[in-house]
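Asks: The following block contains a protein sequence and its predicted model.
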Amino acid sequence: MRWSVTIGSFMGTAVRIHITFLLLLGWIAFAAYQRGGAVAARDSVLFIVAIFICVVLHEFGHILTARRFGIVSPVITLLPIGGVADMEKMPDKPGQELLIALAGPAVNVVIAISLMLFVGAVDVSNAIKIGDPSTNLLERLAVVNIFLAAFNLIPAFPMDGGRVLRAALSIWMGKERATRIAALIGQGFAFVLGFLGLFGNPLLLFIAIFVYIAAAGEAQMTTMAEAARGLKAADAMETRIAVIDRGSSIREAVDILLATSQDEFPVVDASRRLSGFLSRSNIIEALRASDPGAPVAPFMRRETATIDVRDTIDAAMPKLTGGEAVGVTDAEGRLLGLLTRQSLAEIMMIKEVRPDWRFSPRNDSPPTVA
């Protein structure tokens, strides 16, 4: 995720902090300082950091459980709204998804019980005043973890409870229909939160918008995955694409940009092997930062995803649904085409009109260069 900084890694998963989370900490520290001075600012920031440590542990509950089923999560990103684990794929079996979804809230329950045992008797009437720095930090943290577990188990996307509901419904009606139902419940829940937020709590409005967008995104992602399941890369790739030679200048890249409406431009070497990608914004930034005759290659994104033309596109779905283009290559690693979110959307439209449509494999020919 852009605008995030890696602060460390654990068991092969990088932990990143988004810049907006750092801004949140700064705002909390400033507001607490205005109310109670430096000590209040310090205590408030420590409390928020402790909460987000619990959020990271929650996400690792999902990650380590998913790893048992061969699903890897390379990155966790901390946002003001919580943690986001970037899983390479979602489990196909409802039972596996059920266990993965429950693992996160289970971690929060274990943390809450452990804190209560350590502190002893917890005065709930005081602990629920989580914004009061005079209340014992560990007591407040125990209550927050109970809240996190309960909130995440609400049966609506994007909360874990929505995934639990989908896993249960998938047993009887299939994943796509189950996702639609869970997403609709999530959007209904968002409307309720938004309505309550109108009565003086802007934070609820913010959460409602996030829940609504995330629920809609989950439904779209699942619909795309189901439409593309088992589809060969050769059937779905775009072949009439513009490519940029690795030795091209910024001026040449701008000429190619102006000649097409393409969003991502593959950068290839003399053997047509993929070296990276240049987005339209990358090219404009290069033009702003350097002379038009300078090479454009230093501005490309080198982290590229590729898939063999003979493989199914299931493995590429996380990248595609995230908006990134995926290169399609032949056995020698030469670029043949691109898989994009737009090509997936077109497949969805075709299958919606003709569910029995069968895509015909194309010849492994080089892409048409604009």
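Replies: Right, received. Where do you want to start?
Asks: Tell me which stretches of the protein form helices.
Replies: Secondary structure of the chain (DSSP state H): helices at 19-67, 94-119, 124-127, 137-152, 160-173, 175-197, 202-228, 233-236, 250-258, 280-289, 317-321, 341-353.
Asks: mean pLDDT for those helices: which is lowest?
Replies: The weakest mean pLDDT among the helices of the chain belongs to helix 124-127, with a mean of 57.
Asks: how close does residue 96 get to residue 344?
Replies: Applying CB to CB, to the nearest Å, one obtains 24 Å for the distance of residue 96 from residue 344. Bear in mind the C-beta positions are built from the backbone N, C-alpha and C, glycine included.
Asks: my bad, should have said residue 56
Replies: For residue 56 relative to residue 344 (CB to CB), the value is 32 Å.
Asks: Buried deepest among the helices of the chain, which one?
Replies: The highest average neighbour count among these, using mean count of other CB atoms under 10 Å, belongs to helix 233-236 at a mean of 22.
Asks: Just give me how far that one sits from the chain centre.
Replies: 24 Å (CA atoms, centre = their mean, to the nearest Å).
Asks: Verify the contact between residue 333 and residue 273 for me.
Replies: Yes. Residue 333 is within contact range of residue 273, at 5.0 Å (criterion: CB atoms under 8 Å).
Asks: sorry, back to before: need the helices of the chain in CSV (columns: distance to residue 306).
Replies: Below are those laid out as CSV (distance: least, CB to CB, whole Å):
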stretch, distance to residue 306
helix 19-67, 24
helix 94-119, 27
helix 124-127, 52
helix 137-152, 35
helix 160-173, 30
helix 175-197, 27
helix 202-228, 17
helix 233-236, 10
helix 250-258, 21
helix 280-289, 19
helix 317-321, 10
helix 341-353, 15
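Asks: which stretch among those helices comes nearest residue 7?
Replies: helix 19-67 (10.2 Å; CB to CB).
Asks: packing partners for that closest one?
Replies: For helix 19-67, the packing partners by 3 or more CB pairs under 8 Å, 6 or more residues apart in numbering; DSSP states H and E come out as strand 4-10, strand 13-18, strand 75-79, strand 82-86, helix 94-119, helix 137-152.
Asks: Save these as a markdown table, and put in distance to residue 200 too.
Replies: As requested, the helices and strands packed on helix 19-67 are exported to a markdown table (distance: least, CB to CB, whole Å):
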| stretch | distance to residue 200 |
| --- | --- |
| strand 4-10 | 32 |
| strand 13-18 | 28 |
| strand 75-79 | 24 |
| strand 82-86 | 23 |
| helix 94-119 | 28 |
| helix 137-152 | 20 |
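Asks: Which residue ranges make up the domains of this structure?
Replies: 1-153, 155-227, 233-353 (automatic domain parsing).
Asks: ok, how many other residues are close to residue 291?
Replies: 10 (other CB atoms under 10 Å).
Asks: repeat for residue 303
Replies: The number of residues packed near residue 303 is 7, by other CB under 10 Å.
Asks: and the residue lying closest to it once chain neighbours are set aside, what is it in contact with?
Replies: Closest residue to residue 303 apart from its sequence neighbours, by CB to CB, 6 or more residues apart in numbering: residue 276 at 7.9 Å. The contact partners of residue 276, taken as CB atoms under 8 Å, 6 or more residues apart in numbering, are 266-267, 297, 300-304.
Asks: Just the buried subset of those residues, please.
Replies: When the contacts of residue 276 are checked for burial by 16 or more other CB atoms under 10 Å, the buried set is 266-267, 297, 300, 304.
Asks: gap between the spatially most central residue of the chain and residue 15?
Replies: The centroid of the chain falls nearest to residue 86 when counting by CA atoms, centre = their mean (5.3 Å). Distance of residue 86 to residue 15, computed by CB to CB: 11 Å.
Asks: In strands only, show me the contacts of residue 276.
Replies: Among the contacts of residue 276, the members found in strands (DSSP state E) are 266-267.
Asks: Now flag whichever of the contacts of residue 276 is closest to residue 63.
Replies: The nearest member of the contacts of residue 276 to residue 63, counting by CB to CB, is residue 303 at 20.6 Å.
Asks: now the closest one: how far from residue 327?
Replies: Going from residue 303 to residue 327 by CB to CB gives 12 Å.
Asks: try residue 154
Replies: Taking CB to CB, one finds residue 154 at 40 Å from residue 327.
Asks: Of these two, give the one with the bigger neighbour count.
Replies: Counted by other CB under 10 Å, residue 154 and residue 327 do not tie: residue 327 has more neighbours, with 27 against 17.
Asks: Having no further points to raise, I will conclude here.
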